[in-house]
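A.B. asks: Sequence first, predicted coordinates after that:
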2 protein chains.
Amino acid sequence: MHTHPSYLSDDDRAPARPALNRLLSSLADDDQGKLLALCDTVRVDVGQVLYEPGQAIRHVYFPVDSLISLLAVAEGRMTLEVGSVGQEGMIGASVALGHELALVRAVVQRAGRANRIAVADFRAEFKRNEALQRLLYRYTDTLLAQAIQIAVCSRFHVLEARLARTLLITRDRLQSEKFHLTHEFLAHALGVRRVGVTKAASALQHQKLITYSRGNIEILDSAGLEAASCRCYELVKDKGAMGMAKVFL
Amino acid sequence: MHTHPSYLSDDDRAPARPALNRLLSSLADDDQGKLLALCDTVRVDVGQVLYEPGQAIRHVYFPVDSLISLLAVAEGRMTLEVGSVGQEGMIGASVALGHELALVRAVVQRAGRANRIAVADFRAEFKRNEALQRLLYRYTDTLLAQAIQIAVCSRFHVLEARLARTLLITRDRLQSEKFHLTHEFLAHALGVRRVGVTKAASALQHQKLITYSRGNIEILDSAGLEAASCRCYELVKDKGAMGMAKVFL
DNA sequence: CAGCTTCCGTGCGTCACCGTACATACACGG
DNA sequence: CCGTGTATGTACGGTGACGCACGGAAGCTG
């Protein structure tokens, strides 16, 4: 089993052996090989829309170093992030069950690479690969846990706490205290107005918890930000980690 | 917990051969038989709490004519219904994946029978029964769709529309224009104050869409109620139906 | 440097829902 | 028939977020 090296720098470097999504790499060698033969690796860019609700899914994606945000879409331009998917996950799993259409928007939050498989190939492999079936089931379950937590959070917690939570989760996923995320983007994820984000972010900044300018956000006081955030941060974090833990051992 | 004995038939009709949960009945005869051998049928009562978040799951339940409400619990007494499960579904599926603990509260919304299996038995059967695996995966996926829709709905839609939606869905599940549901219960499901429900319900009643008294709700104008509800009604309805359609053919 | 786009900040009236407290009405058992 | 509990109704100030509109500032391009 070739586990990819854990040193990762961003763009300039193009390793001869491309890093692999962790879901894929958790498969046994022969299963993995068959799947990889059907894969190609593509680069996805910030803002790129991979799925649109109601539209047909063409490929299943396994992010490598990219980050995908899942946005549920209500009428109008109101959206709400119901989950996010990095190297530990995948999008498009439901096509294996015969669902042709996406039910959420999938948009790239951080540019990077993703392993990609055409739907027909994926379905064929799914049918005969039992390990893959278990994996998808398990991952869907963690997505469910995420979605539930987010539903609760966005119903009961005030914007400032939710913003803090999102920033912390983003940091964890990107492994960096600095990242790029505009108020506009956050507004879509949190399902609020852009000015609402501005107000909340500004409050966090006054408390010296973060600083930002033109989309470049930096977390200054991690502990303070956790205090300002809701419990949902730990819950999502733990559930996400625990849910898939056994797979990655 | 006091487990209810498996004799049933307290009041109205008691079919000699008890009806079966639809998920179970969709299994092939031999698979079904093995599972049924591990099952007993219990009666559950309104308000009974089957699972509590963070606590161990002891049994997996397949409702027959009962209806179970899944409530995500935030701190305090704030709750939000993230799905409901009737004869077409089950609760406790995640134990098959090794998750010991419930992540939502499961409370009985309508009394009735449920097929029940002890966790250990269920896990053993899950391991060797591929059809069961597919079934659980598929059902978890429809739960995810439900949860996402509810997250969006409770974020963006006003209480009156959400109440109308809940009433319509309840009607569909119970196959009856009349049912019992107190404002208090609805408040927990919708994640709002009881007085909020009273206000919204009272508005619907003034529009002659429903009538109610001491928990006995009757839908008077189905079409009107649909008009007053949000689109989420049809979405949840369709997705729930379509998601499991092939299983039930 | 001009001009454009992107991103952030502010102000103002409105509204849905909150927390709390209290009032009424029906139901049922002793 | 009275008491107790359950279910529903009303009232009031408070607030978080909304919609809208506009102002300003930082970067990109020509």
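C.D. replies: The structure has been received and is ready for your questions.

A.B. asks: Where does pLDDT dip in chain A?
C.D. replies: Counting by pLDDT under 70, chain A shows low-confidence ranges at A:1-18, A:240-243, A:245-249.

A.B. asks: Please parse it into its domains.
C.D. replies: Using automatic domain parsing, the domain parsing of chain A gives A:6-147, A:158-229.

A.B. asks: Residue A:119 and residue A:97 touch, don't they?
C.D. replies: No. Taking Cβ atoms under 8 Å as the contact criterion, residue A:119 and residue A:97 are not neighbours in contact, 11.8 Å apart. C-beta: built from backbone N, CA, C; applies to glycine.

A.B. asks: Can you check which of the domains of chain A gets nearest to DNA strand C?
C.D. replies: Between DNA strand C and the domains of chain A, the shortest gap by Cβ to the nearest atom of the strand is with domain A:158-229, which sits at 3.6 Å.

A.B. asks: Now do the longest helix along chain A: which elements does it pack against?
C.D. replies: Counting residues, the longest helix in chain A under DSSP state H turns out to be helix A:130-156. Helices and strands touching helix A:130-156, as assessed by 3 or more Cβ pairs under 8 Å, 6 or more residues apart in numbering or on different chains; DSSP states H and E, comprise helix A:29-38, strand A:79-85, helix A:119-128, helix A:159-174, helix A:232-245, strand B:67-73, strand B:79-85, helix B:130-156.

A.B. asks: hmm, try it at 7 Å
C.D. replies: Using 3 or more Cβ pairs under 7 Å, 6 or more residues apart in numbering or on different chains; DSSP states H and E as the contact definition, the elements that helix A:130-156 packs against are strand A:79-85, helix A:119-128, helix A:159-174, helix A:232-245, strand B:67-73, strand B:79-85, helix B:130-156.

A.B. asks: got TSV for these, with distance to DNA strand C and mean neighbour count too?
C.D. replies: Compiled in TSV, the helices and strands packed on helix A:130-156 are given as follows (distance: least, Cβ to the nearest atom of the strand, whole Å; neighbours: other Cβ atoms under 10 Å in any protein chain shown):
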stretch	distance to DNA strand C	mean neighbour count
strand A:79-85	16	26
helix A:119-128	32	15
helix A:159-174	12	22
helix A:232-245	17	18
strand B:67-73	15	24
strand B:79-85	10	26
helix B:130-156	9	23
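
A.B. asks: To residue B:34, which of these lies closest?
C.D. replies: Judged by Cβ to Cβ, the one of the helices and strands packed on helix A:130-156 that comes nearest to residue B:34 is helix B:130-156, at 9.5 Å.

A.B. asks: hmm, the closest one touching DNA strand D?
C.D. replies: No. Counting by Cβ under 7 Å from any atom of the strand, no contacts exist between helix B:130-156 and DNA strand D, the nearest distance being 8.3 Å.

A.B. asks: Distance from that helix to the middle of the chain?
C.D. replies: With Cα atoms, centre = their mean, to the nearest Å as the basis, helix B:130-156 stands 12 Å off its chain's centre.

A.B. asks: got the angle for that helix vs strand B:67-73?
C.D. replies: Between helix B:130-156 and strand B:67-73, the angle formed by their directions is 60 degrees, by axes from the mean of the first three to the mean of the last three Cα atoms, to 10 degrees.

A.B. asks: Also compute the angle for helix B:130-156 relative to strand B:79-85, please.
C.D. replies: Using the same axes, to 10 degrees, the inter-axis angle of helix B:130-156 relative to strand B:79-85 is 140 degrees.

A.B. asks: The closest residue in space to residue A:119 that isn't next to it in sequence: neighbour count?
C.D. replies: For residue A:119, ignoring the flanking residues on the chain, the nearest one in space by Cβ to Cβ, 6 or more residues apart in numbering or on different chains is residue A:95 at 5.1 Å. Neighbours of residue A:95 under the rule other Cβ atoms under 10 Å in any protein chain shown: 22.
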